[in-house]
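>>> my questions are about this predicted structure, shown below with the sequence.
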Protein chains: 2
Amino acid sequence: MTPETIKVACSNCNLRELCMPVGLQPAELRRIDDLVATRRKVKRRDTLFHNGERFTSLYAIRTGVFKTRVTSEDGRDQVTGFQMAGEIIGLDGIVNDRHTCDAVALEDAEVCVMPFERIEELSREVTALQRHVHQIMSREIVREHGVMLLLGSMRAEERLAAFLLNLVQRLHARGFSQSELVLRMTREEIGSYLGLKLETVSRTLSKFVEDGIVAVQQRHVRIADADKLRRIVNPPAC
Amino acid sequence: MTPETIKVACSNCNLRELCMPVGLQPAELRRIDDLVATRRKVKRRDTLFHNGERFTSLYAIRTGVFKTRVTSEDGRDQVTGFQMAGEIIGLDGIVNDRHTCDAVALEDAEVCVMPFERIEELSREVTALQRHVHQIMSREIVREHGVMLLLGSMRAEERLAAFLLNLVQRLHARGFSQSELVLRMTREEIGSYLGLKLETVSRTLSKFVEDGIVAVQQRHVRIADADKLRRIVNPPAC
DNA sequence: CGCCGCATTGACGTTCGTCAAGTCTAGTGG
DNA sequence: CCACTAGACTTGACGAACGTCAATGCGGCG
């Protein structure tokens, strides 16, 4: 009844076109309104969950950007993804009931906490939700295939071009510009994600600037020639 | 009634400790017996499914080893994994109702075909199956995180050492030797998976032989010093 | 206003890729 | 059963791409 409880409902969330309710009929949509137990605010640099922590819930991002990162036993770490509004994180925890990576907020953020038991319960009843949960997990698998392709076979310029195009495309789907973006992550974090050192990221960006492909001012990037960028990722067929 | 139909039942499959039925109670186990619509034999070099093909089913591997591979628009490809008995492939197809990678048999193989609609239907009723399907997908996500770490931050020796240890561990879980294995894939396929060229794979293997870590005869590998191999992957903490 | 974290740039080194030659093995057909 | 061939593998020489180390610049926050 309070404004707070009214707000915590998927059916009138402004992200419902992107997030959990995608593709659900109005009747189904109302049924999943109690999927979200609570909201949780996470401050910049704080972790939403971390490696080893007990898994209880998936999280739908409302605002802010996160990075997820895995750490090897000898301390090297690898950023496995950057997640933004409408995306779901925490899927890694399902297998062993413990999270296997850290999720760190790159800016102040807010998430919807969805207890996984409740998700499983509801998706036994709401077929469309069941299907959607499967799709979310499958999408993550396919995304990671793409990252493996990138890490396994692309050169630095190609990786960075693919990264920028991917970011701007996702931001565009959220109503932002097609050609301008603000990087919420450092060069080092970009490098970790792309399997490069921060110096290489910086140098490659500088080269893009020289070539008139992008304009860069700190973390603000304007894509001046998206076609050139696309041609770097996918050189014209032989 | 025919021997054939009797054989197609998870409840008396010799892989039930590894595959779909893991963790199910006997009563649940019987309920999922009709999960498998048919069996399908795939000859060496043939594909089980390929990029663009309509998605209908997941496949449980009974015998043989597969590779999965994605291909970029400009024709580069990347092996995304090697799968063996008891493992499930096809998860990539769920998101868009089409497969996004190829699954190729590296030797004559047989799989159980499990129509995905049937899986979804049954997992609405059998809670343990629902949980298991979620775990399989989550496990794949976590595995890929590990590959990203490998591709993003490890050197050739570390990658190959990790690869060999992973293979032998999975084979051991299937009743094979802890120290001997037969590679079902070429050096080029290993290289593609590890983000290396085949020459680098070959050279690195040769170095392992020089160092007395493994013995190699073509595709037959004997691990002579597993500890050394582990130390290559995880250098002793500083 | 000063400090600190982030970013840029240069010089140099290492690792891995490329190209090429040659070997080995398994499979095929005579 | 053996000879032949094609594909897989090994090894070497060389070069390119990226990492490392170091110096410097810049901006935002306290």
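Received it, and whenever you're ready, just let me know what you need. Residues are numbered from 1 along each chain as shown, chains lettered A, B, ... in the order given.

>>> only C-alpha atoms from now on, for both contacts and neighbour counts.
Fine.

>>> next, see if the helix or strand that contains residue A:165 gets close to chain B.
For residue A:165, the host element (DSSP states H and E) is helix A:156-173. No. Helix A:156-173 lies apart from chain B when judged by C-alpha under 8 Å from any C-alpha of the partner chain; the minimum separation is 11.7 Å.

>>> who touches that helix?
Residues outside helix A:156-173 that contact it (C-alpha atoms under 8 Å, 6 or more residues apart in numbering or on different chains): A:150-151, A:177-181, A:194, A:196, A:200-201, A:204-205, A:226, A:229-230, A:232-233.

>>> what sits closest to residue A:212 if chain neighbours are left out?
Ranked by C-alpha to C-alpha, 6 or more residues apart in numbering or on different chains and with sequence neighbours excluded, the top spatial neighbour of residue A:212 is residue A:224, at 6.8 Å.

>>> what's the separation between that neighbour and residue A:151?
25 Å (C-alpha to C-alpha, to the nearest Å).

>>> and for residue A:9?
39 Å.

>>> what's the answer for residue A:126, then?
Residue A:126 is 38 Å from residue A:151, by C-alpha to C-alpha.

>>> these two: who's more crowded?
residue A:151 (26 against 20; other C-alpha atoms under 10 Å in any protein chain shown).

>>> which residues pair with the spatially most central residue of chain A across the strands?
Central residue of chain A (C-alpha atoms, centre = their mean): residue A:83, 1.8 Å from the mean position. Per DSSP bridges, the residues bridged to residue A:83 are residue A:66.

>>> tell me who's in contact with it.
Neighbours of residue A:83 in contact, by C-alpha under 8 Å, 6+ apart: A:61, A:65, A:66, A:67, A:68, A:89.

>>> domain map for chain A?
Following automatic domain parsing, one finds the domains of chain A at A:3-150, A:155-233.

>>> is it possible to export those to a markdown table including mean pLDDT?
Supplementary listing: the domains of chain A in a markdown table, determined by pLDDT from 0 to 100:
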| stretch | mean pLDDT |
| --- | --- |
| domain A:3-150 | 94 |
| domain A:155-233 | 97 |
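
>>> quick one, which of these is packed in tightest?
Greatest average neighbour count among the domains of chain A goes to domain A:3-150 (a mean of 19), per mean count of other C-alpha atoms under 10 Å in any protein chain shown.

>>> any idea which element the closest residue in space to residue A:95 that isn't next to it in sequence lies in?
Using C-alpha to C-alpha, 6+ apart and skipping the chain neighbours, the partner closest in space to residue A:95 is residue B:135 (4.5 Å). Assigned by DSSP H and E, residue B:135 belongs to helix B:127-153.

>>> which helices and strands sit right next to that helix?
Under the contact criterion of 3 or more C-alpha pairs under 8 Å, 6 or more residues apart in numbering or on different chains; DSSP states H and E, helix B:127-153 touches strand A:66-71, strand A:77-83, helix A:127-153, helix A:187-194, helix B:116-125.

>>> so which bits of chain A are right by DNA strand C?
A:185-188, A:198-203, A:205-206, A:216-219 (C-alpha under 7 Å from any atom of the strand).

>>> show me which of the residues you listed neighbour chain B.
Within these, nothing lies near chain B by C-alpha under 8 Å from any C-alpha.

>>> among the residues you listed, which lie within strands?
If you go by DSSP state E, these have A:216, A:217 in strands.

>>> go back to the residues of chain A next to DNA strand C and keep what's next to DNA strand D.
Restricting those to those adjacent to DNA strand D (criterion: C-alpha under 7 Å from any atom of the strand) gives A:199, A:200.

>>> and of the residues of chain A next to DNA strand C, the nearest to residue B:117?
residue A:185 (40.5 Å; C-alpha to C-alpha).

>>> wait, that closest one sits on residue A:106?
Yes. Using C-alpha atoms under 8 Å, residue A:185 makes contact with residue A:106 at a distance of 6.5 Å.

>>> need phi/psi at residue A:108.
With angles defined as degrees, to the nearest 10, residue A:108 sits at phi -60, psi 140.

>>> can you pull the contacts of it?
Taking C-alpha under 8 Å, 6+ apart as the test, what residue A:108 contacts is A:41, A:42, A:43, A:44, A:63, A:64.

>>> tell me which element the first one falls in.
Under the assignment given by DSSP H and E, the secondary-structure element containing residue A:41 is strand A:38-42.

>>> list the contacts for the nearest residue to residue A:64 once chain neighbours are set aside?
Of all residues not flanking residue A:64 in the chain, residue A:109 sits nearest, at 4.2 Å (C-alpha to C-alpha, 6+ apart). Contacts of residue A:109 were listed using C-alpha under 8 Å, 6+ apart, and they are A:41, A:42, A:43, A:44, A:61, A:62, A:63, A:64, A:65.

>>> ok, now residue A:148?
Contacts of residue A:148 by C-alpha under 8 Å, 6+ apart are B:78, B:80, B:147, B:148, B:151.

>>> let's see it at 7 Å
Residues in contact with residue A:148 (C-alpha atoms under 7 Å, 6 or more residues apart in numbering or on different chains) are B:80, B:148.

>>> close to DNA strand D: what parts of chain A are there?
A:154, A:155, A:156, A:157, A:195, A:196, A:197, A:199, A:200.

>>> my guess is the fifth one meets residue B:152, correct?
Yes. Between residue A:195 and residue B:152 there is a contact under C-alpha atoms under 7 Å: 3.9 Å.

>>> are there residues contacting both of those two? Which ones?
With C-alpha under 7 Å, 6+ apart, residue A:195 and residue B:152 have common neighbours residue A:151.

>>> that's a helix at residue A:15, yeah?
No. Going by DSSP: H, G, I helix; E, B strand; the rest coil, the assignment for residue A:15 is coil, not a helix.

>>> so what's it up against?
Here residue A:15 is in contact with residue A:86 (C-alpha under 7 Å, 6+ apart).

>>> for it, give its distance to residue A:86.
Relative to residue A:86, and taking C-alpha to C-alpha, residue A:15 is found at 6 Å.

>>> same question for residue A:138.
To residue A:86, residue A:138 is 16 Å away according to C-alpha to C-alpha.

>>> and residue A:170, by the same measure?
Residue A:170 is 10 Å from residue A:86, by C-alpha to C-alpha.

>>> what's the answer for residue A:24, then?
15 Å.

>>> kindly report the same for residue A:56.
19 Å.

>>> helices - which of the contacts of helix A:156-173 land there?
A:150, A:151, A:194, A:200, A:201, A:204, A:205, A:226, A:229, A:230, A:232, A:233 (DSSP state H).

>>> among the helices and strands packed on helix B:127-153, which comes closest to residue B:101?
helix A:127-153 (8.8 Å).
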